[in-house]
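> I'd like to go over a predicted model; first the sequence, then the structure.
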Amino acid sequence: MQADPAEQARRLVDERFPDALAVVLAGSTATGRATPGSDLDIAVLIEDGGVTRRETIRFEGRVVELFVHTRAGLAALFAADVAARRAVMQSMYVSGLVLVDRNGEARHVRRLAEADLREGPPPLAPGAVETRRYGLTDALDDLADTSDTIERLAVAGLVVNSAADLLCDHHQAWLGSGKWLPRRLMEADARRGAALLRGHLHSCEAGDPTALFEAASEILGLVGGPLREGYRRTWPGGTDSVAAAAGR
């Protein structure tokens, strides 16, 4: 029988971070979605002068993801997450289980995180939306054009991620990746998000991309519709590749 994750996390903190200012157990083990193979996601606020870092360890047989930060380090992480429109650290502090709250530090950080989440992510600049419209238009053209099963699967994944990016920005909602992509999509727009996800599933299972194409096209329509001829982007120079710049 596997150890209780909260008790396991407390033992780890007592051993490795006895002077922590705040500790939060986040992720699936704190939200009731844990599986036997779930790791522990633990945010640890330490005194100034320490090293802000992410570290993966194994403790009592379980993989642990440590997110260790000073106050200044956490402020920088919050700012970076807002800029990336993902709010990963903020979500950890808001939805996680508080294990240590020395002098109210965890409550203070949670209030800051809640303020960020309420505010929402910054909107994409018009040029960035235009670039994403162009990219999704191109991906949808490829989805309709290719008959190769493997290529279609690859393009379908690109369509889902591109459409999700635009839909979340349209609603000024937070983005997610991996298993957080469907969760964030449904929070942003339950109807369109579900249609996009169901279309992707049907495309993968049945090889028919029609529903995915229609769902992504509706999302594209929210932000100005397809963009092909007339798209123009000046190049900033430097070391950016074409692909890297197109993703901005």
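Arrived safely, thanks for sending.

> Run through who's touching stretch 121-129.
Stretch 121-129 is contacted from outside by 82-83, 85-87, 132, 166, 168-169, 172-175, 223-224, 233, 248, using Cβ atoms under 8 Å, 6 or more residues apart in numbering. Placement of C-beta: from N, CA and C, glycine included.

> likewise stretch 207-214?
With contacts defined as Cβ under 8 Å, 6+ apart, stretch 207-214 is touched by 140, 143-144, 149, 152, 156, 159-160, 195-196, 198-200, 202-203.

> out of the residues you listed, which is most surrounded?
Compared across those, residue 159 has the highest neighbour count, 28 neighbours, by other Cβ atoms under 10 Å.

> Quick one, grab the pLDDT at that one.
Reported pLDDT at residue 159 in the predicted model: 98.

> Please tell me how far it sits from residue 135.
The gap separating residue 159 from residue 135 is 10 Å, by Cβ to Cβ, to the nearest Å.

> what helix or strand is the residue nearest the centre of the chain on?
The chain has residue 176 as the residue nearest its centroid, 2.5 Å off, counting by Cα atoms, centre = their mean. Per DSSP states H and E, residue 176 falls between elements, in no helix or strand.

> Likewise for the one 5 residues further on?
Taking DSSP H and E as the criterion, the element that holds residue 181 is helix 180-188.

> Which elements pack onto that helix?
helix 149-170, helix 190-206 (3 or more Cβ pairs under 8 Å, 6 or more residues apart in numbering; DSSP states H and E).

> Need the max-distance pair from the contacts of stretch 207-214.
149 and 195 (22.7 Å; Cβ to Cβ).

> Need the three-state assignment for residue 9.
At residue 9 the chain is in helix, as set by DSSP: H, G, I helix; E, B strand; the rest coil.

> any idea how far residue 29 is from it?
Distance of residue 9 to residue 29, given as Cβ to Cβ: 8 Å.

> same thing with residue 102?
Distance of residue 102 to residue 29, computed by Cβ to Cβ: 22 Å.

> okay, the two: which has more neighbours?
Each of residue 102 and residue 29 has its neighbours counted (other Cβ under 10 Å); residue 29 has more, 23 against 12.

> Ramachandran coordinates for the more buried one?
Torsion angles at residue 29 (phi, psi; degrees, to the nearest 10) stand at phi -70, psi -20.

> nearest spatial neighbour of it, skipping sequence neighbours?
Spatial nearest neighbour of residue 29, chain neighbours left out: residue 5 (3.9 Å); criterion: Cβ to Cβ, 6 or more residues apart in numbering.

> does that neighbour really touch residue 28, like I thought?
No: counting by Cβ atoms under 8 Å, residue 5 stays clear of residue 28, with 9.1 Å between them.

> between the two, who's got more neighbours?
The neighbour comparison of residue 5 against residue 28 (other Cβ under 10 Å) goes to residue 5, with 22 against 15.

> Contact partners for the more buried one?
25, 29-30, 34, 38, 40, 62.

> In ChimeraX, how would I select just the buried ones from those residues?
The ChimeraX command for the buried members of these (criterion: 16 or more other Cβ atoms under 10 Å) is given here:
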select :25,29,30,40,62
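
> pLDDT, distance to residue 217 and secondary structure added to the contacts of residue 5, as TSV?
Below are the contacts of residue 5 laid out as TSV (pLDDT from 0 to 100; distance: Cβ to Cβ, whole Å; DSSP: H, G, I helix; E, B strand; the rest coil):
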residue	pLDDT	distance to residue 217	secondary structure
25	96	42	strand
29	74	39	helix
30	73	38	helix
34	60	37	coil
38	76	37	coil
40	93	41	strand
62	91	44	strand
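
> May I ask which two of the contacts of residue 5 are separated the most?
It's 30 and 62 that sit farthest apart of these, by Cβ to Cβ, at 14.2 Å.
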